[in-house]
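Engineer: need a 3D model of the following:
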Amino acid sequence: MQLDIEFIRQQFPALKEPSLQGQVFFENAGGSYTCAPVIERLTRYYHQRKVQPYYPFEASRLAGEEMDEARRRLSKVLNIKADELSFGPSTTQNTYVLAQAFGQMLKAGDAIIVTNQDHEANTGPWRRLADRGIEVREWQVDGVGHLDPVDLAALLDEKVKLVCFPHVSNLVGEINPVGNICDMIRAAGAYSCVDGVSAAPHGLPDIGGLGADIYLFSAYKTFGPHQGVMAIKRALADALPNQGHYFNENVRYKRFTPAGPDHAQVAACAGMVDYLDAVHGHHFAPEPDAAARGRAVQGLNVAHEGVLLAPLIDYLRGRNDVRLLGPQSAEGRVATVSVVGNRPGYELAQALVSEGIMAGGGAFYAVRLLEALGVDPTHGALRLSFVHYTSKAEVEQLIASLDRIL
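Structural biologist: Purely as a prediction, here's the structure:
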C-alpha cells in the first residue's frame with residue numbers, strides 16, 4: 001500500500017492558499033500545516049461554543065463534550081488511558097511543570113539523567129533541579145550526534161530516579177530505540193521521560209507499546225492546534241505532587257495543568273483523529289482499534305517519507321562543501337535533515353527564499369548538541385524538514401535549489 005499523496009494534499013488548506021503558492025515548505029520540524037478537520041473544529045468552537053464549558057446550558061455542554069471527545073479519542077490512538085492524557089499550552093511548559101513536580105518529590109542526593117542531544121525544552125528544566133541538590137548526569141552523544149545505550153548503562157545506578165531523553169533529535173533526526181531504552185531504565189528502578197516532539201509528526205506514537213512513563217509532543221507539529229500533549233502513567237501521576245488547584249488533585253489530567261486549558265484548542269485536537277481516520281479509511285479496510293489505525297497510518301507516512309528522503313541524503317552526502325549531521329543514510333532517521341555549510345545556517349535559509357523554499361537556519365534550541373558536534377551555535381545549521389504531505393516534485397525542487405545556492 002502506498003500513500004495517496006494527492007488525497008493527502010487535499011486535506012491541507014495551506015497547500016491551496018493563494019498567498020503561499022510558489023513556495024515549498026521545508027520547516028515542518030518547527031511546526032506543520034494544520035489539517036482541515038482541526039481548522040473546522042476550531043472555527044466551529046469559536047463560532048458556537050466559546051463559553052465556559054461543562055455548565056448545563058447547551059453551548060457550554062457541547063463545549064465540554066468536544067473537549068472530552070478530544071481526550072478520549074486521542075488517548076485511544078496513543079494506546080493510553082484517557083486520564084493519562086494532559087493538555088497544556090506547549091511541551092516546554094508541560095516539561096517545566098513536570099520538573100517542578102519531580103523537584104518536590106525527589107530529595108537531595110537523588111540523581112537524574114539528561115542528554116545533550118535534546119532540544120533545550122527537555123533538558124533545561126531538568127538541569128535546574130541541581131539548585132535543589134539533585135545530581136544531574138549527562139548522557140552524551142558521540143562525534144556524530146548518536147546516543148549509545150551502552151553509555152547510559154554506565155550512568156544508571158540506585159541513585160538515578162529519572163532519565164529524560166528524546167525519541168528523535170530535532171537536529172540530527174536520529175530515531176532512538178525508545179522501547180529498549182525504557183526497558184533499561186525500568187530495570188534500574190527509574191522513571192523515563194521521552195520528548196517525542198520531533199518523532200510524532202511522522203506518525204502518532206503507540207505510547208502504551210513504547211513503555212515510557214512520560215511521553216510529550218506538540219499538537220501544532222502533528223497537524224493540530226498549538227497545544228502540548230503529555231501522557232503520564234497512572235501510578236506516576238498519582239505519586240507526583242499535584243501542580244494544579246488543590247481541589248482538582250483527584251483528577252489525574254488536571255494535576256499538571258496549573259492554569260485552565262485553552263478550551264477551543266483542546267476540543268480542536270479531535271480533528272487530528274478525524275484526519276487520521278480519514279487517511280486510514282481511504283487506504284485500508286475498516287479497523288475498530290484506534291491504536292491499530294494509528295500504526296497503519298504511521299507505516300504509510302514513514303514509507304512515503306523514506307522514498308523522498310533517500311535522494312536528498314544521497315545528494316548532500318555527495319557534496320564536499322557541507323557537513324550532513326546525524327545518520328548518513330535514510331535508514332534510522334526521520335525526514336529532518338541538518339547541514340552545516342561555509343555560510344551560517346540562517347544565511348543559507350535566506351538564500352533559499354528566492355528559490356521558493358521555506359527552510360530554517362540557526363541552532364534550533366539544540367545549542368548543547370551543536371557544541372558537542374564542534375559547530376559554533378552562532379553559525380548554526382540549515383535545517384530541511386518535511387512530512388508526509390510533501391511531494392516528490394517538491395523534494396526535487398529543493399535539491400535543484402540547493403545546487404544553485406550552495
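Engineer: and the nearest residue to residue 46 once chain neighbours are set aside, what is it in contact with?
Structural biologist: Excluding its sequence neighbours, the residue lying closest to residue 46 (C-beta to C-beta, 6 or more residues apart in numbering) is residue 264, at 6.0 Å. All C-beta atoms are positioned from the backbone trio N, CA, C, and that covers glycine. Counting by C-beta atoms under 8 Å, 6 or more residues apart in numbering, residue 264 makes contact with 42, 45-46, 49-50, 225.
Engineer: now do 10 Å
Structural biologist: Residue 264 makes contact with 41-46, 49-50, 53, 63, 66-67, 225 under the criterion C-beta atoms under 10 Å, 6 or more residues apart in numbering.
Engineer: nearest residue to the middle of the chain?
Structural biologist: Computing the C-alpha centroid of the chain and ranking residues by C-alpha atoms, centre = their mean puts residue 197 first, at 1.4 Å.
Engineer: and stretch 29-46, average pLDDT?
Structural biologist: Across stretch 29-46, pLDDT averages out at 98.
Engineer: do you know how far the residue nearest to residue 46 is from residue 45?
Structural biologist: The gap separating residue 264 from residue 45 is 4 Å, by C-beta to C-beta, to the nearest Å.
Engineer: got any residues that touch both of the two?
Structural biologist: Shared contacts of residue 264 and residue 45, defined by C-beta under 10 Å, 6+ apart, comprise 53, 63, 66-67, 225.
Engineer: in strands, which of the residues you listed appear?
Structural biologist: Per DSSP state E, strands hold no members of these.
Engineer: helices - which of those land there?
Structural biologist: Among those, the members falling in helices (DSSP state H) are 63, 66-67.
Engineer: of all those residues, which comes closest to residue 391?
Structural biologist: residue 66 (33.0 Å; C-beta to C-beta).
Engineer: pull the number of nearby residues for that closest one.
Structural biologist: Taking other C-beta atoms under 10 Å as the criterion, the count of residues near residue 66 is 22.
Engineer: just the pLDDT for it.
Structural biologist: Reported pLDDT at residue 66 in the predicted model: 98.
Engineer: kindly report the same for residue 70.
Structural biologist: At residue 70, the model reports a pLDDT of 98.
Engineer: kindly report the same for the one 10 residues further on.
Structural biologist: Among the per-residue scores, residue 80 shows a pLDDT of 98.
Engineer: that one and residue 293, how far apart?
Structural biologist: When C-beta to C-beta is the yardstick, residue 80 and residue 293 sit 15 Å from each other.
Engineer: again, but for residue 70
Structural biologist: Distance of residue 70 to residue 293, given as C-beta to C-beta: 16 Å.
Engineer: so for the two, which sits in the more crowded spot?
Structural biologist: Relative neighbour count places residue 70 above the other of residue 70 and residue 293, with 26 against 22, counting by other C-beta under 10 Å.
Engineer: which strands or helices does the strand or helix carrying that one pack on?
Structural biologist: Under DSSP states H and E, the secondary-structure element containing residue 70 is helix 58-78. Counting contacts by 3 or more C-beta pairs under 10 Å, 6 or more residues apart in numbering; DSSP states H and E, the secondary-structure elements packed against helix 58-78 are helix 36-44, strand 85-88, helix 207-210, strand 228-232, helix 263-268, helix 270-283, helix 290-317.
Engineer: and the contacts of stretch 3-19?
Structural biologist: The contact list for stretch 3-19, computed with C-beta under 10 Å, 6+ apart, reads 20-21, 23, 25, 32-37, 39-40, 223, 274-275, 278-279, 282-283, 297, 299-305, 307-308, 387-393.
Engineer: list the buried residues for that stretch?
Structural biologist: By 16 or more other C-beta atoms under 10 Å, the buried positions in stretch 3-19 come out as 3, 5, 8-9, 11-12, 14-15.
Engineer: same question for stretch 88-107.
Structural biologist: Applying a neighbour-count criterion of 16+ other C-beta under 10 Å, one finds 88, 90-103, 106 buried in stretch 88-107.
Engineer: same deal with stretch 129-144?
Structural biologist: In stretch 129-144, residues buried by neighbour count (16+ other C-beta under 10 Å) are 129, 134-135, 137, 139, 141.
Engineer: save these as a markdown table, and put in pLDDT too.
Structural biologist: Conversion of these to a markdown table gives the following (pLDDT from 0 to 100):
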| residue | pLDDT |
| --- | --- |
| 129 | 98 |
| 134 | 98 |
| 135 | 98 |
| 137 | 98 |
| 139 | 98 |
| 141 | 98 |
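Engineer: from those, which ones fall inside strands?
Structural biologist: Secondary structure assignment (DSSP E) places 135, 137, 139 from these within strands.
Engineer: the last one and residue 166, how far apart?
Structural biologist: Here residue 139 is placed at a distance of 11 Å from residue 166 (C-beta to C-beta).
Engineer: can you list residues touching both of these two?
Structural biologist: Residues touching both residue 139 and residue 166 by C-beta under 10 Å, 6+ apart: 115, 117-118, 147.
Engineer: make JSON lines from these and add neighbour count, secondary structure and distance to residue 204 to it.
Structural biologist: Supplementary listing: the shared contacts of residue 139 and residue 166 in JSON lines, determined by neighbours: other C-beta atoms under 10 Å; DSSP: H, G, I helix; E, B strand; the rest coil; distance: C-beta to C-beta, whole Å:
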{"residue": "115", "neighbour count": "25", "secondary structure": "strand", "distance to residue 204": "23"}
{"residue": "117", "neighbour count": "29", "secondary structure": "coil", "distance to residue 204": "22"}
{"residue": "118", "neighbour count": "27", "secondary structure": "coil", "distance to residue 204": "21"}
{"residue": "147", "neighbour count": "23", "secondary structure": "coil", "distance to residue 204": "23"}
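Engineer: okay, now the domains of this protein?
Structural biologist: For the chain, automatic domain parsing gives the domain ranges 5-34+289-405, 41-273.
Engineer: ends of the first one, what's the gap?
Structural biologist: Okay, so that is domain 5-34+289-405. The first and final residues of domain 5-34+289-405 sit 28 Å from each other (C-alpha to C-alpha, to the nearest Å).
Engineer: show me where pLDDT drops low in the stretch 301-406 of the chain?
Structural biologist: With pLDDT under 70 as the threshold, the stretch 301-406 of the chain has no low-confidence stretch at all.
Engineer: the closest residue to residue 223 other than its chain neighbours and residue 270, how far apart?
Structural biologist: Taking C-beta to C-beta, 6+ apart, and ignoring the residues beside it in sequence, residue 223 has residue 35 as its nearest neighbour in space, at 4.3 Å. Shown here: residue 35 relative to residue 270, a distance of 12 Å by C-beta to C-beta.
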